[in-house]
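>>> how would this look folded up:
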Amino acid sequence: MEFSPGEEILIHWHLTRGNVVVHSFYENGDQLAQQSQQFKGRTSMFKDQISEGNASLQLTEVRVQDKGRYECYTSTLKEDFFVYLKAQPDVEIINHHFI
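Numbers count the residues shown, from 1 in each chain. I've put the predicted structure just below:
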């Protein structure tokens with residue numbers, strides 16, 4: 001997700017279903033006081049690239065309940081940016097050999 005950085009950078013990511021706060025960045029740092037418990041400890045941004053316009057969100061330990069439509073808002077972007085996440089559990093395939 002790219003944007004045009006300005007003097008005061010503000011980035012908010014949220015899951016549109018329920019308007020759930022996923023991650024916020026402003027005042028030169030992560031602002032996670034309002035972050036949903038669902039995402040605690042699993043989100044980060046590429047802080048060394050934000051000043052270059054990179055507002056990408058990294059979500060780790062993805063769960064089925066994370067699926068949905070995510071919206072990114074930045075202080076300088078003139079339109080909404082949406083990402084759709086499809087999540088499904090890992091499927092383990094076991095081969096059986098008959099002798």
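
>>> tell me the phi and psi of the most centrally placed residue in the chain?
Centrality entry for the chain: nearest residue to the mean C-alpha point is residue 57, 3.9 Å, by Cα atoms, centre = their mean. Phi and psi for residue 57, reported as degrees, to the nearest 10, are phi -110, psi 140.

>>> just grab the bridge partners of it for me.
residue 45 (DSSP bridges).

>>> OK, contacts around it?
By Cβ atoms under 8 Å, 6 or more residues apart in numbering, residue 57 lies in contact with 1, 13, 22, 23, 43, 44, 45, 70, 72. In short, each C-beta sits where N, CA and C put it, glycine included.

>>> and the gap between it and residue 44?
8 Å (Cβ to Cβ, to the nearest Å).

>>> shared neighbours, the two?
Residues touching both residue 57 and residue 44 (Cβ under 8 Å, 6+ apart): residue 23.

>>> show me where this protein has helices.
Taking DSSP state H as the criterion, the chain contains helices spanning 47-50.

>>> where does it dip in pLDDT?
Low-confidence segments of the chain (pLDDT under 70): 1-6, 78-80, 87-99.

>>> nearest spatial neighbour of residue 15, skipping sequence neighbours?
Nearest residue to residue 15 in three dimensions, chain neighbours excluded: residue 68, at 5.2 Å (Cβ to Cβ, 6 or more residues apart in numbering).

>>> OK, contacts around that neighbour?
Residues in contact with residue 68 (Cβ under 8 Å, 6+ apart) are 15, 16, 17, 84, 85.

>>> check residue 74 too.
Here residue 74 is in contact with 3, 9, 10, 11, 12, 55, 81 (Cβ under 8 Å, 6+ apart).

>>> which of those residues lies closest to residue 37?
Among those, residue 12 lies closest to residue 37 (Cβ to Cβ), at 17.4 Å.

>>> could you measure from that closest one over to residue 47?
Residue 12 is 16 Å from residue 47, where distance means Cβ to Cβ.

>>> and residue 34, by the same measure?
According to Cβ to Cβ, residue 34 and residue 47 sit 19 Å apart.

>>> one more: residue 41?
In terms of Cβ to Cβ, residue 41 sits 17 Å off from residue 47.
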